[in-house]
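Undergrad: Quick one, structure for this:
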Amino acid sequence: MIVFYFSGTGNSRFIAERFSRAAGAACLSVEEAADFEALIAQTDTVGFCYPVYGSCVPRPMREFVLAHGRALANKRIVILSTQLVFSGDGAHALCAFLPGREAGVVYAEHFNMPNNIANFPLFAVKNGEQNKALLAKATRKAERAAEEVLRGRIRRRGFHRLSVLIGKSQSALWPQVEKRAASDVRISADCTRCGLCVRICPMQNLTLGKDGIGQEGKCAVCYRCVNACPARAITTLLHQKPGKQYLGISE
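TA: Okay, here's the model as predicted:
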């Protein structure tokens with residue numbers, strides 16, 4: 001088995017690594033430089049782990065799956081999706097991009113993880129010990145999922161008709177939100193032009209020039225730059241300066 005993940009700020013990486021460790025599977029980010037076609041060809045089970053955005057699959061993971069569709073044909077598929085509260089069909093959403101749609105999916109599960117939307121007042125940002133209990137629960141769930149996959153149990157969270165219907169209440173809106181946000185990264189006067197956001201952007205959306213930070217219209221709304229900026233000078237989707245940044249998960 002091999003597991004591929006996309007993680008904006010570390011939550012999905014956390015789940016992918018713990019699941020893979022328990023399952024004895026290889027684990028790689030879709031951002032890595034690797035011969036993905038060869039790696040997929042060497043296994044019969046492929047896992048995907050990603051955060052849910054508006055009950056949709058983030059752009060980097062969508063593009064990865066579509067780029068390797070031929071290699072993924074006839075593979076057993078495991079889907080692990082991370083979410084803040086409830087997505088309905090966050091794991092099921094990947095089926096729209098898989099060559100076999102639902103047919104090859106043998107396991108799908110959702111994981112509640114800490115909030116990384118640093119400037120959304122409805123949900124508080126918590127770090128360190130504040131997330132200890134939630135992460136312990138997520139770890140147990142990831143390890144249980146690995147054990148169930150290894151013994152052949154079929155579980156497809158989010159595939160029920162009601163779950164799909166609930167998911168559509170969010171996913172119907174997200175594509176337009178994502179389209180608008182793609183070119184709406186904003187940089188405040190607090191920017192020090194350190195270039196960190198340019199280096200860490202998974203979409204190579206940001207550039208650093210003589211006039212400061214520019215953008216290429218490819219923002220995936222992963223919030224990596226928003227949470228990492230040392231000056232809290234960058235926003236996307238929501239344009240209120242973060243009061244407290246999500247620092248990710250430390251071992």
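
Undergrad: what does whichever helix in the chain runs longest rub up against?
TA: For the chain, the helix reaching the highest residue count under DSSP state H is reported as helix 132-150. Helix 132-150 has contacts (C-beta atoms under 8 Å, 6 or more residues apart in numbering) with 1, 14-15, 18-23, 25, 45, 78, 80, 106-107, 109, 111-114, 155, 249. The C-beta positions use only the backbone N, C-alpha and C, and glycine is treated the same way.

Undergrad: quick one, what contacts R193?
TA: For R193, the contact set (C-beta under 8 Å, 6+ apart) comprises 208, 212-213.

Undergrad: so where is the stretch 1-150 of the chain shaky, pLDDT-wise?
TA: Along the stretch 1-150 of the chain, the model assigns pLDDT under 70 to no residue.

Undergrad: now the helices for it?
TA: Applying DSSP state H, counting those that start in this stretch to the stretch 1-150 of the chain gives helices spanning 11-23, 36-41, 59-67, 69-72, 132-150.

Undergrad: can you redo those helices as TSV with distance to H160 and mean neighbour count?
TA: Converted to TSV, the helices of the stretch 1-150 of the chain look like this (distance: least, C-beta to C-beta, whole Å; neighbours: other C-beta atoms under 10 Å):
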stretch	distance to H160	mean neighbour count
helix 11-23	22	23
helix 36-41	29	14
helix 59-67	22	18
helix 69-72	24	14
helix 132-150	18	16
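
Undergrad: which stretch among these comes nearest A172?
TA: When those are ranked by distance to A172, counting by C-beta to C-beta, first place goes to helix 59-67 at 16.7 Å.

Undergrad: same for that closest one, what does it pack against?
TA: Other elements packing on helix 59-67 under the criterion 3 or more C-beta pairs under 8 Å, 6 or more residues apart in numbering; DSSP states H and E are strand 45-51.

Undergrad: Quick check: neighbours of the strand it packs on in the sheet, parallel or antiparallel?
TA: Using DSSP bridges, strand 45-51 pairs in its sheet with strand 2-5 (parallel), strand 76-83 (parallel).

Undergrad: Can I get the longest one in CSV? Just the C-alpha atoms.
TA: These are the backbone C-alpha positions of strand 76-83, laid out as CSV (Å, rounded to 0.1, in the frame of the first residue of the first chain):
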residue,chain,number,x,y,z
ARG,A,76,-8.1,-0.6,-4.5
ILE,A,77,-8.6,2.9,-3.1
VAL,A,78,-8.5,4.2,0.5
ILE,A,79,-9.7,7.7,1.2
LEU,A,80,-9.0,9.6,4.4
SER,A,81,-10.3,13.2,4.6
THR,A,82,-9.8,15.7,7.3
GLN,A,83,-12.4,18.3,8.3
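
Undergrad: That's all I had, so thanks and see you.
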